[in-house]
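> return atomic coordinates for the entry below.
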Amino acid sequence: MYLFEIPLDITTTLVLAIPIVSIVFILTLTLLRGRTESSRLNWFIEKIVTPPTLKIEVNQTSEEPSPTEPNSISKRSVLTILVFVYLGIILFVIGNMTGVFYTVMADVTEAVSQGSTDLSRTISGIAFLDPFNAGWTGSLPWYGYLPLPLSEVDTYHDTWEWIYFTGVLWNNPDFFNNMLNEVIVFNFFMGLVFLLPLLYGPIRRSFLPSLYLFTTGMFVASTALLRCFAQVLTLGYMGGTIQYGLLDLSLANVDPEAVPIIVSALAPYVLLFAVIFPLLGYKMWRGLYPDNRKSAVLFALYILGSYFLTFLIALW
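Model prediction:
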């Protein structure tokens with residue numbers, strides 16, 4: 001059962017529309033700030049771009065507090081804390097959905113055909129199982145012979161499951177290496193599309209726009225890599241299998257020598273991203289709150305935690 005499915009002709013438009021619309025909208029808000037006569041529009045822009053205060057206000061229980069009388073945090077401060085918590089959750093979900101979307105799109109844009117027949121795969125659309133898992137629906141040209149899936153039936157394909165199955169479990173290393181490189185590199189460059197506008201100072205210092213572009217760029221750039229890495233760990237060391245039609249195969253049993261090779265190739269990039277993104281997040285947050293180093297550390301920890309939580313979800 002799918003959460004929702006997007007037809008292929010719409011998804012190909014969304015690949016460019018998502019970053020273009022986002023960046024144009026954010027740039028428009030930045031340029032209109034302080035330059036419009038509409039009070040409502042000015043209020044809206046200021047709420048979007050102005051960082052909320054991080055000062056925690058304390059209500060005293062009496063006019064002359066004593067050490068034995070506890071103080072309470074003001075309702076306004078509690079509301080501010082809740083806003084940041086929910087904002088972190090929303091950014092995490094949106095970033096992951098965008099990341100898996102571009103992972104699947106990097107997959108479906110690659111030409112896949114059967115060499116002996118020159119038949120190409122058929123793709124109906126992109127299906128989301130939940131905000132963290134998506135794949136494409138369609139059929140591959142070599143289907144139709146047991147124990148493989150039925151031919152010309154819209155079968156759900158998780159990107160890395162079908163690539164590992166076709167490339168490694170069927171002993172086709174050239175196909176696997178090509179798909180691995182193309183999908184991961186495509187996502188990395190699409191992530192840069194979201195991150196590059198942050199080089200422009202007014203956008204980088206705008207609260208919600210900068211957070212959206214940074215977290216989305218991070219997830220788009222890293223999700224394909226994290227999910228590929230999680231897949232090989234699951235298949236090689238955690239007893240995971242891939243069920244394909246009537247087949248249920250384990251990478252550790254079919255080709256155990258491939259496991260450490262893939263892990264050693266991907267692990268340095270996974271660790272590199274785990275260092276780079278929290279550092280960039282720390283620096284960006286200091287631009288929003290230059291006098292609050294502690295909050296910048298907390299934001300860097302949020303970025304690091306989001307990164308590894310995405311990895312743990314992929315392992316699950």
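> what sits up against stretch 25-44?
Identification of contacts with stretch 25-44 by Cβ atoms under 8 Å, 6 or more residues apart in numbering yields 45-46, 48-49, 197, 200, 202-203, 206, 209, 212-213. Using the backbone N, CA and C atoms, a C-beta is placed for each residue, glycine as well.
> could you dump those to TSV with distance to residue 286, secondary structure and neighbour count?
Shown next, in TSV, are these (distance: Cβ to Cβ, whole Å; DSSP: H, G, I helix; E, B strand; the rest coil; neighbours: other Cβ atoms under 10 Å):
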residue	distance to residue 286	secondary structure	neighbour count
45	23	helix	20
46	21	helix	12
48	20	helix	16
49	17	helix	20
197	18	helix	20
200	17	coil	14
202	16	helix	15
203	16	helix	18
206	15	coil	25
209	17	helix	23
212	18	helix	21
213	17	helix	24
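> what is the neighbour count of residue 208?
Counted by other Cβ atoms under 10 Å, the residues lying close to residue 208 total 16.
> in what helix or strand does it lie?
Using DSSP states H and E, residue 208 sits within helix 207-237.
> any buried residues in that helix, and which?
By 16 or more other Cβ atoms under 10 Å, the buried positions in helix 207-237 come out as 207-236.
> what about residue 192, which SS state?
Following DSSP: H, G, I helix; E, B strand; the rest coil, residue 192 is assigned to helix.
> so who does it touch?
If you count contacts by Cβ under 8 Å, 6+ apart, residue 192 has them with 217, 221.
> and the pLDDT at it?
On the pLDDT scale, residue 192 is placed at 97.
> now swap in residue 174 and tell me
The confidence metric pLDDT takes the value 92 at residue 174.
> checking my notes, it in a strand, right?
No. Residue 174 is assigned helix when assessed by three-state DSSP, not a strand.
> the chain: helices as residue ranges?
Using DSSP state H, the helices of the chain run over 8-32, 39-49, 75-108, 159-164, 173-195, 201-204, 207-237, 251-254, 258-288, 293-315.
> over to the residue lying closest to residue 148 once chain neighbours are set aside: give its phi and psi.
Residue nearest to residue 148 in three dimensions, not counting chain neighbours: residue 245, with 4.5 Å by Cβ to Cβ, 6 or more residues apart in numbering. Dihedral pair for residue 245: phi 60, psi -120, per degrees, to the nearest 10.
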